[in-house]
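Colleague: Model the structure of this input:
(one chain, ligands or ions: 2)
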Amino acid sequence: MKITAISLYRVPLTSHETYYMSDGKTCDTVDSMVLRLITDTGIEGWGEVCPIPHYLPAYAGGVASAIQELSTVLLGADPVGPEALMHRVDAHLIGHDYAKSAIDTALWDLTAKAADLPLYRLLGGLQTHDLPLYHSITCVDPSDMADMAKTAEASGIKQFQVKLGADANWRRDVERLVAVRESVAISALVYGDWNCGASQLDATRVGNAVANLDIMLEQPCQTIESCANVKNSCGLAMKMDECAYDTASLLKAHQYGCMDAVALKLSKFGGLSRMRRARDLCLHLGAKMCIEDTWGSDITTATAMHLATATPRSHILNTCDLSGYVAPRLDANAPVRHNGKINVNDLPGHGVTPELAVLGEPVQQWH
Ligand code: 0XW
Ligand code: MG
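Modeller: Ligands and ions are numbered 1, 2, ... in the order given. This is a model prediction of the structure:
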């Protein structure tokens with residue numbers, strides 16, 4: 001099989017509920033970049049990357065330039081067995097992991113379609129049916145956040161990510177955590193995510209104020225060291241996110257003792273090939289994994305779900321139905337949440353075929 005053409009589409013995704021995070025970070029309408037790899041067999045592979053503004057070293061506008069640079073490596077190459085081609089991609093262009101994530105996803109889609117198998121069968125086989133979802137709650141008034149948690153709980157959700165820090169007022173963050181914690185079942189998992197936006201001082205104050213509650217903290221500060229200091233001061237469990245993006249950072253967070261859980265995001269690691277290796281390392285380290293991406297629609301959601309499906313349930317924290325937070329859907333038949341859970345479909349590849357009418361005209365094509 002050979003890649004004969006590449007098309008790139010831009011799909012603005014609008015959040016059903018504007019999403020507020022710390023430090024002025026917000027998600028309302030953001031561009032998702034959808035990649036189509038066409039082969040000489042007629043089989044097509046689809047990838048997607050949707051960088052949130054100001055979140056990671058990534059931006060949607062960079063994807064076309066990176067693919068322009070990589071088109072000479074991709075065109076004519078055999079896509080089956082993605083790691084071989086991704087090795088050449090990495091040698092040709094250092095970094096730009098977010099753009100590579102879309103490429104790698106499309107290569108895995110092609111590889112699984114060539115084998116006529118659903119993707120999870122190539123990543124470890126069926127290990128977790130009924131993937132548990134968390135619900136992410138935008139950082140607004142504490143009582144509104146508690147209401148959102150209750151609504152999500154009524155739909156079957158049992159894990160709640162409470163966004164913190166949007167108003168830089170640590171006492172309000174304490175109120176947010178207490179309000180959500182009290183509004184849901186005692187057995188539910190509640191965790192507060194600052195997306196790096198808190199000072200070590202304020203995160204420590206919040207952590208100590210809620211230390212008597214069953215709460216986990218997520219990525220309060222910008223460095224692994226500061227996150228570890230917050231954890232050591234308040235004794236609460238800690239999830240790492242932005243600071244854990246490759247093998248070295250996973251090992252460092254583990255050594256600092258602040259990685260009870262970790263978010264594995266496709267575009268942070270640079271695609272499924274590297275995220276599969278991160279998954280295997282976390283199985284060894286014992287960190288519970290949230291397997292997802294930063295943002296996106298059906299392709300990113302389904303791809304992460306295939307890896308989660310192929311991972312032992314004992315090590316899964318949760319996954320995220322990102323496509324449920326935004327419109328439009330790329331594929332009306334793609335999986336959706338039921339009773340707080342979600343499942344991949346059994347179609348070959350990642351199982352998502354975008355509707356061309358939703359994609360519009362390609363922003364760029366390479367032959
Ligand atoms: C990347 N987010 C902002 C979107 C997902 O819902 C999770 C969240 C995070 O930072 O963990
Ligand atoms: Mg996070």
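
Colleague: Quick check: residues of this protein near ligand 2?
Modeller: Residues of the chain lying near ligand 2 by Cβ under 5 Å from the ion: 193, 241. Placement of C-beta: from N, CA and C, glycine included.

Colleague: Show me which residues of the chain are close to ligand 1?
Modeller: For the chain, the residues in contact with ligand 1 (Cβ under 6 Å from any ligand atom) are 136, 193, 195, 241, 263, 294, 295, 320.

Colleague: Quickly name whichever of the residues you listed is closest to ligand 2.
Modeller: Comparing the residues of the chain next to ligand 1 against ligand 2 with Cβ to the ion picks out residue 241 as the nearest, at 3.5 Å.

Colleague: Compare the residues of the chain next to ligand 1 and tell me which has the most neighbours.
Modeller: With neighbours defined as other Cβ atoms under 10 Å, the most crowded of those is residue 320; it has 29 neighbours.

Colleague: Per-residue pLDDT of it, please?
Modeller: For residue 320, the pLDDT comes out at 97.

Colleague: Give me the phi and psi for whichever residue of the chain sits closest to ligand 1.
Modeller: Ranked by Cβ to the nearest ligand atom, the top residue of the chain for proximity to ligand 1 is residue 136, at 3.8 Å. As for residue 136, its main-chain torsions (degrees, to the nearest 10) stand at phi -90, psi 130.

Colleague: Please give me every residue in contact with it.
Modeller: Residues in contact with residue 136 (Cβ atoms under 8 Å, 6 or more residues apart in numbering) are 19, 161, 163, 193, 320, 325.

Colleague: what helix or strand does residue 318 sit in?
Modeller: strand 316-319 (DSSP states H and E).

Colleague: what's the following helix or strand after that strand?
Modeller: strand 326-327.

Colleague: Could you tell me the average pLDDT over stretch 325-343, please?
Modeller: Stretch 325-343 carries an average pLDDT of 97.

Colleague: Tell me the buried residues in stretch 115-134?
Modeller: By neighbour count with 16 or more other Cβ atoms under 10 Å, stretch 115-134 contains the buried residues 118-124, 127-128, 131-134.

Colleague: now stretch 326-343
Modeller: For stretch 326-343, burial by neighbour count (16+ other Cβ under 10 Å) applies to 326, 328, 329, 330, 331, 334, 335, 337, 340, 341, 342.

Colleague: Would you mind putting those residues into TSV with distance to residue 203 and secondary structure alongside?
Modeller: As requested, the buried residues of stretch 326-343 are exported to TSV (distance: Cβ to Cβ, whole Å; DSSP: H, G, I helix; E, B strand; the rest coil):
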residue	distance to residue 203	secondary structure
326	29	strand
328	37	coil
329	36	coil
330	37	coil
331	39	coil
334	37	coil
335	35	coil
337	31	coil
340	29	coil
341	31	strand
342	31	strand
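
Colleague: which among the residues you listed gets closest to residue 211?
Modeller: Taking Cβ to Cβ as the measure, residue 211 sits nearest to residue 340 out of these, at 27.8 Å.

Colleague: Roughly how far does residue 336 sit from ligand 2?
Modeller: Going from residue 336 to ligand 2 by Cβ to the ion, to the nearest Å gives 22 Å.

Colleague: so what's the residue of the chain closest to ligand 1 bridging to?
Modeller: Beta-bridge partners of residue 136, counted by DSSP bridges, are residue 161.

Colleague: burial of residue 151, as a residue count?
Modeller: Using other Cβ under 10 Å, residue 151 is surrounded by 12 other residues.

Colleague: scratch that, residue 358 is what I was asking about
Modeller: For residue 358, using other Cβ under 10 Å, the count is 17.

Colleague: Just the C-alphas of stretch 148-156, formatted as CSV.
Modeller: Extracted C-alpha coordinates of stretch 148-156, given in CSV (Å, rounded to 0.1, in the frame of the first residue of the first chain):
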residue,chain,number,x,y,z
MET,A,148,-23.9,20.6,36.4
ALA,A,149,-22.4,17.8,38.4
LYS,A,150,-25.8,16.6,39.6
THR,A,151,-27.1,16.7,36.0
ALA,A,152,-24.2,14.7,34.8
GLU,A,153,-24.6,12.2,37.7
ALA,A,154,-28.2,11.7,36.8
SER,A,155,-27.0,10.6,33.3
GLY,A,156,-24.8,8.0,34.9
